[in-house]
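Visitor: here you go, sequence then predicted model.
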Amino acid sequence: MLDLINVSYDTLIPNNVGLSTDKRVLKALEKWHPGYINWWNDLIPDNFQKSLVYLRTAVSVDPKGWAKFDYVKMPEYRWGILLAPQVEGRTIPCGEHAGQPAWQEVPGEYRNMLKRLIVIQGDTEPASVEQQRFLGRTAPSLYDMRNLFQVNVEEGRHLWAMVYLLHKYFGADGREEADDLLRRQSGSEEAPRMLGAFNEETPDWLSFFMFTYFTDRDGKMQLESLAQSGFDPLSRTCRFMLTEEAHHMFVGETGVGRTIERTCQIMAENGIDDPYDIEKIRSFGVIDLPTIQKKLNLHYTLSLDLFGQEVSTNAANAFNSGIKGRYMESRIDDDHKLTNATYPVWDMVDGQLVRHEVPALTAINMRLRDDYSRDAAGGVGRWNKIIEKAGIAFEMKLPHEAFNRKIGVFANHNFNPEGQLVSGAEFDKGINDWLPNKADGDFIQSLMNPVYEPGKYASWISPPKVGIDNKPGDFEYVKLHMA
Ligand code: BYC
Ligand code: FE
Ligand code: FE
């Protein structure tokens, strides 16, 4: 009998979707597989392909015990296809078909819309691995290196998840799209990744932590929305991806937190009260808090752009057709159709920022972005607790969402982080204090010296409170085998 909880290892591709009896899809995926392995091998610096990394691998979709930890060489990681179990009698949660049985096959009229969303989702996954490809060389510890590689292999698995849907449900053009997902490359001139933030660089580890905190959190919000999809295979796929996503944001939150903690500790040890005494603070090999705030400003605003336009007919159509829901759709107490509802969106009227009501159906992106900002504020509060505990007068803040935007109503306007419209000259003058500049980048780069001894950490970051899988402090998370 088909076991849909535990993962079957009887094919090249571990899965809980009965691939061994679905010869057509199995063959298509086996054909795609070598290209994927080439992509992986080209991507991660050779230095680490032979290293043994203490990774978790999904062996089940049972929330109580889905993963097992062991040493694995990354190219031998068993990337699998895992869907959360089918919920008996599940119905379409929103839009004009709300209440009808969820689709098990692609509804013809929505085929293109569905394919587009799956392709966009799929495109971000390998993009992030590409952005992070050089970081192993400068890992501040083996613990952090292991976390980086864990995130990387799981983003690789998320690509597999979308590729499975394309192969299984979208025939020849699905296969073509799956090939294109390996053809585009982050930052490429000819074939860039689809969304802005995924063509930016992740030049250092503070960026990596900010990215996993802020940009992976866009991933969480989008996956939550797609987990509400009336197309059941997409919903089940995304529900399982969310289980993995939590760790990515944990890596980000604790990474930034440990960076802040170390700075505060050095300031206290050396009697520095003024967080703006930047040169002195930096002379001890830690990152000053104002620079951390600038990195935060950058990654938060890049991530806000990923929610699209505030008012969007694409988003309205996706919701109305039941392809993409809202965050926590089933817990929202309304008609789930938004027939007469309105929602306040930001707009610019006569040079003034205003929020005004528009039909809620068209404001789906804005609403999700608001949910995101609330979610993102949580960790910022916890970072501030670390600073407060150290007795330092400094507070991290999410900048106003009008600041530094490339998409939506705020694009092409100069706002400061407080959300005030400023002149071009004022903006140019302020930008050095608001976003990381070249000198900040160079300084951070100067700290990015690898620390590969078990239990040791780079100057700029504190050790974690607890190890992965409850391992002791000096555990060898990566057994390096460098070429
Ligand atoms: N960059 O009506 P609009 C993750 C385009 S992250 C470039 O607002 P819509 C992860 C837009 O495509 C989650 N272009 O569009 C994280 C449209 O173009 P067309 C990824 C942009 O569809 C870390 C036009 O502008 N998943 O998983 O309502 C590590 C009009 O815009 C951008 C998803 O995003 C941009 N930022 O909203 C690893 C879920 N923004 O079609 C992984 C799937 C907009 O007119 N995607 N445009 O030529 C969606 O749901 C939506 O497509 C979007 C855009 C929310 C992205
Ligand atoms: Fe992902
Ligand atoms: Fe992620």
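Guide: Perfect, thanks for sending it. Ligands and ions are numbered 1, 2, ... in the order given.
Visitor: host element of residue 427?
Guide: Using DSSP states H and E, residue 427 maps to helix 424-434.
Visitor: which strands and helices lie in contact with that helix?
Guide: Helices and strands touching helix 424-434, as assessed by 3 or more C-beta pairs under 8 Å, 6 or more residues apart in numbering; DSSP states H and E, comprise helix 289-304. Using the backbone N, CA and C atoms, a C-beta is placed for each residue, glycine as well.
Visitor: and the helix it packs on, how far out from the chain middle?
Guide: 15 Å (C-alpha atoms, centre = their mean, to the nearest Å).
Visitor: ok, back up a step: can you list the buried residues in the helix holding residue 427?
Guide: Buried residues in helix 424-434, defined by neighbour count with 16 or more other C-beta atoms under 10 Å: 427, 434.
Visitor: quick check: which element contains the single nearest residue of the chain relative to ligand 2?
Guide: Residue nearest to ligand 2 within the chain: residue 158 (3.7 Å; C-beta to the ion). Per DSSP H and E, residue 158 falls inside helix 142-169.
Visitor: which residues are contacting the next helix or strand after that helix?
Guide: Downstream of helix 142-169, the next assigned helix or strand under DSSP H and E is helix 171-183. With C-beta atoms under 8 Å, 6 or more residues apart in numbering as the test, helix 171-183 has contacts from 28, 32, 35-36, 39, 115, 119, 122-123, 126, 159, 162-163, 165-168, 170, 191.
Visitor: just how off-centre is helix 171-183 within its chain?
Guide: 22 Å.
Visitor: returning to that earlier point: does the helix holding residue 158 reach ligand 3?
Guide: No: residues of helix 142-169 are not located near ligand 3 by C-beta under 5 Å from the ion, the shortest gap being 5.6 Å.
Visitor: give me the number of residues near residue 168?
Guide: By other C-beta atoms under 10 Å, 19 other residues sit near residue 168.
Visitor: so it touches residue 233, yeah?
Guide: Yes: using C-beta atoms under 8 Å, residue 168 is in contact with residue 233, at 7.3 Å.
Visitor: quick one: contacts for the residue nearest to residue 320 when sequence neighbours are not counted?
Guide: Spatial nearest neighbour of residue 320, excluding adjacent residues (C-beta to C-beta, 6 or more residues apart in numbering): residue 95 at 4.5 Å. By C-beta under 8 Å, 6+ apart, the contact set of residue 95 is 230, 319, 320, 321, 322, 323, 336, 337.
Visitor: you'd agree residue 95 is in a strand?
Guide: No: Residue 95 sits outside any strand when classified using DSSP: H, G, I helix; E, B strand; the rest coil, being coil.
Visitor: which residues of the stretch 351-483 of the chain lie near ligand 2?
Guide: Remark: no part of the stretch 351-483 of the chain is in contact with ligand 2, using C-beta under 5 Å from the ion.
Visitor: which parts of this structure are strands?
Guide: 52-58, 67-73, 342-349, 352-359, 478-479 (DSSP state E).
Visitor: can you give me the helices for this protein?
Guide: For the chain, applying DSSP state H gives helices covering 23-43, 111-131, 142-169, 171-183, 205-210, 216-227, 232-269, 278-283, 289-304, 313-320, 364-389, 424-434, 438-447.
Visitor: circling back to that earlier point, run a quick neighbour tally on the residue lying closest to the residue of the chain closest to ligand 2 once chain neighbours are set aside.
Guide: Sequence neighbours aside, residue 125 is the residue nearest to residue 158 in space, at 4.1 Å (criterion: C-beta to C-beta, 6+ apart). Residue neighbour count, defined by other C-beta under 10 Å, stands at 22 for residue 125.
Visitor: what does this structure put close to ligand 2?
Guide: 125, 155, 158, 219.
Visitor: most neighbours among those residues, please name it.
Guide: Most crowded among these, counting by other C-beta under 10 Å, is residue 158 at 27 neighbours.
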